[in-house]
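**Student:** Quick one: sequence and predicted model below, then my questions.
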Amino acid sequence: MTSHDDSTSDTQPTGYACIQRYVKTLDSSPGVYRMLDADSRVLYVGKARNLKARVSNYARPGHSGRIERMIAATASMMFLTTRTETEALLLEQNLIKQLKPKYNVLLRDDKSFPNILVAKDHAFPQIKKHRGAKKEKGAYFGPFANAGAVNRTLNQLQKAFLLRNCTDSVFDSRTRPCLLYQIKRCSGPCVDLISEEDYRESVKDAERFLSGRSTKVQEELAEQMMAASEAMEFERAASLRDRIRALTQVQTSQGINPRGVAEADVIGLYMDSGQACVQVFFIRANQNWGNKDFYPRVGVDVSPAEAMEAFLGQILLTNKEPPRQLILSDGIENADLMQDALSEKAGRKVEILVPQRGEKQELVAGALRNARESLARRMSESATQAKLLRGVAEAFNLDTPPGRIEVYDNSHIQGTNAVGGMIVAGPEGFMKNAYRKFNIRGDDLTPGDDFGMMKEVLTRRFTRLQKEDPDRDKGLWPDLLLIDGGAGQVSAVHEIMVAHSVEDIPMVGVAKGVDRDHGKEEFHRIGQRPFALKRNDPVLYFIQRLRDEAHRFAIGTHRAKRAKAVGATPLDEVPGVGAARKTGLAGTFRQRQGRQPGQSG
């Protein structure tokens, strides 16, 4: 892989002349090119089988409006040659994800997809939700469309197979069954109420069900239920009946379960007025694990083929593991190249299909219908949101409607397990992939010092922004800060902003007013008298929603941190004691606790 670039100077040409100058230096190698403006900001990242031929296309007139604007702004270019076109495609997608160029079709939500993990690093495996790299030992099932789909499925699987979901540290510290055992959602392996062999059989049944062999599992449970009933073991028969019902509920919640499609992503793309929605159905083991919509950034002159190819590259080449089939509503220009790149990543064949009839076409039609309806709702909501943001600008005397609002809140109990939360909202509503959690680290903070906690959170936030986006041109900086608090909190935050030279960012404190009554909020700004909005003002409702979302997010983060701390054991602090040794020591401790006085061992 070879790279080269040329720095710009005041005398160097821009636009077509700039590109023509670079064409003379290129050969026919495959590779990746970057187009930069006069400030060295990346405008576009592209790949080519033949760099000279591809870049030559930009040196000729006759492009769409979007490409013409990009060419006019181009002041320099950078190139990276690769051994193969497949390697160039992979590199292109990584650079797009990292740089987020202005003129590329961009996927706004690139958060990883959740899976169900049956962990295999313990004698009694845990079943749990997993997101991110598959580094943990065990069996993975998914992906699911969202965390809610995983949680609902896990809830029913616990009822059906009685598998534990507690962490290893909680498991090792138990001396009696927990509540989940009492409500028949766990078999109590932590206190030896089920043998290791029987528990592993339940694990195998759960894995078979998640692998698509659900009918076989249900038939076996039905046989066991009938046998228990004939033996007049009615309590066991009722328990088996409830487990069968739980599995049936999982299947019902999955909706469409195609018979002829074992493992695929069904992808429908709908475009209207320069906006797009991509709807994805996740089919695994002949079961529908849910659907998710995406809204890539496109323009009026972007074709469906270009938008679809950009989506596949960004979501599958850089994010999730590709399935065996991709069933698309629109074909893409470089289908063979994309198949090769996805197959290389997956280590097996990946097939791209654009069906015209049959069950697969019906699935695509369903995805396309959902995409069309989702985009219509989003466009309607965006119009309402834009009106609210104009109202915010008017209420707080801002020059323009804010494109990015950041709202901060803290959560703690008498200073313990203190966390800060940041939520983000913009023209398209809540931007959940931009939310951030802050574990309060200050050892010198007085318990309950909200001012000190907010100072730490904002100091870390501004320090990072100044490092990652010093020119404020990547869309990472807020146009408005909302702080939960009154004059004192606003004054403290203003001092932090002055210290970081960011006092030009508008900041508003939201206080609950003299009666602390919902609807009587007072708004505080530096150098201004507090003011209120009318109780029926839509902007007031909007601000309340933002504050409540920040409060919810901060409290949820605090509860998770507190629960993790409760599950910790003293053995966690002992150097050299790993998970296996901790399990053995905890088991020995339980055995000794169970002995009668006078017994030896």
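**Tutor:** Arrived safely.
**Student:** the domain parsing of this structure - what is it?
**Tutor:** Domain ranges of the chain: 2-99, 114-253, 263-377, 405-564, per automatic domain parsing.
**Student:** lowest-confidence stretch among these?
**Tutor:** When the domains of the chain are compared by mean pLDDT, domain 114-253 comes last with a mean of 82.
**Student:** Might you calculate how far that domain sits from the centre of the chain?
**Tutor:** 26 Å (Cα atoms, centre = their mean, to the nearest Å).
**Student:** mind listing the strands in the stretch 1-150 of the chain by residue range?
**Tutor:** Remark: strands assigned in the stretch 1-150 of the chain by DSSP state E, counting those that start in this stretch are 2-5, 31-36, 42-48, 76-81, 114-119, 127-131, 138-141.
**Student:** Repeat that for the stretch 301-450 of the chain.
**Tutor:** So, for the stretch 301-450 of the chain - with DSSP E, counting those that start in this stretch - the strands run 325-328, 351-353, 405-413, 416-426, 429-430, 436-439.
**Student:** if we look at the shortest one, which residues are touching it?
**Tutor:** By Cβ atoms under 8 Å, 6 or more residues apart in numbering, the surrounding residues in contact with strand 429-430 are 381, 385, 423-424, 549. Yep, even glycine has a C-beta here, placed from its N, CA and C like the rest.
**Student:** Which one (most neighbours) among these?
**Tutor:** Ile423 (25 neighbours; other Cβ atoms under 10 Å).
**Student:** Determine the longest helix present in the chain.
**Tutor:** As assigned by DSSP state H, the longest helix anywhere in the chain is helix 358-395.
**Student:** Give me the helices and strands touching that helix, please.
**Tutor:** Packing partners of helix 358-395 (3 or more Cβ pairs under 8 Å, 6 or more residues apart in numbering; DSSP states H and E): strand 263-272, strand 275-284, strand 287-294, strand 325-328, helix 538-566.
**Student:** got the CA coordinates for the third one in CSV?
**Tutor:** Right, the one you point to is strand 287-294. In CSV, the C-alpha atoms belonging to strand 287-294 read as follows (Å, rounded to 0.1, in the frame of the first residue of the first chain):
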residue,chain,number,x,y,z
GLN,A,287,-36.8,-16.3,12.0
ASN,A,288,-37.3,-12.6,11.8
TRP,A,289,-35.2,-11.0,14.5
GLY,A,290,-36.8,-7.5,14.0
ASN,A,291,-36.3,-4.5,11.7
LYS,A,292,-34.5,-1.2,11.9
ASP,A,293,-34.7,1.9,9.8
PHE,A,294,-31.7,4.1,8.8
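**Student:** relative orientation of that strand and strand 263-272 in degrees?
**Tutor:** Between strand 287-294 and strand 263-272, the angle comes out at 30 degrees (axes from the mean of the first three to the mean of the last three Cα atoms, to 10 degrees).
**Student:** so what strands line up beside strand 287-294?
**Tutor:** strand 275-284 (antiparallel) (DSSP bridges).
**Student:** what angle do the partner strand and strand 114-119 make?
**Tutor:** With the same axes, to 10 degrees applied, the angle from strand 275-284 to strand 114-119 works out at 30 degrees.
**Student:** Just want the angle from strand 275-284 to helix 358-395.
**Tutor:** 130 degrees.
**Student:** To Arg390, which of the domains of the chain lies closest?
**Tutor:** domain 405-564 (9.3 Å; Cβ to Cβ).
**Student:** returning to that earlier point: tell me which of the helices and strands packed on helix 358-395 sits nearest to Ser173.
**Tutor:** Of these, nearest to Ser173 by Cβ to Cβ is helix 538-566, at 9.7 Å.
**Student:** what packs against the closest one?
**Tutor:** Under the contact definition 3+ Cβ pairs under 8 Å, 6+ apart, helix 538-566 sits against helix 358-395, strand 405-413, strand 416-426, strand 480-484.
**Student:** These: which one's closest to Ser239?
**Tutor:** Of all these, helix 358-395 comes closest under Cβ to Cβ, at 36.9 Å.
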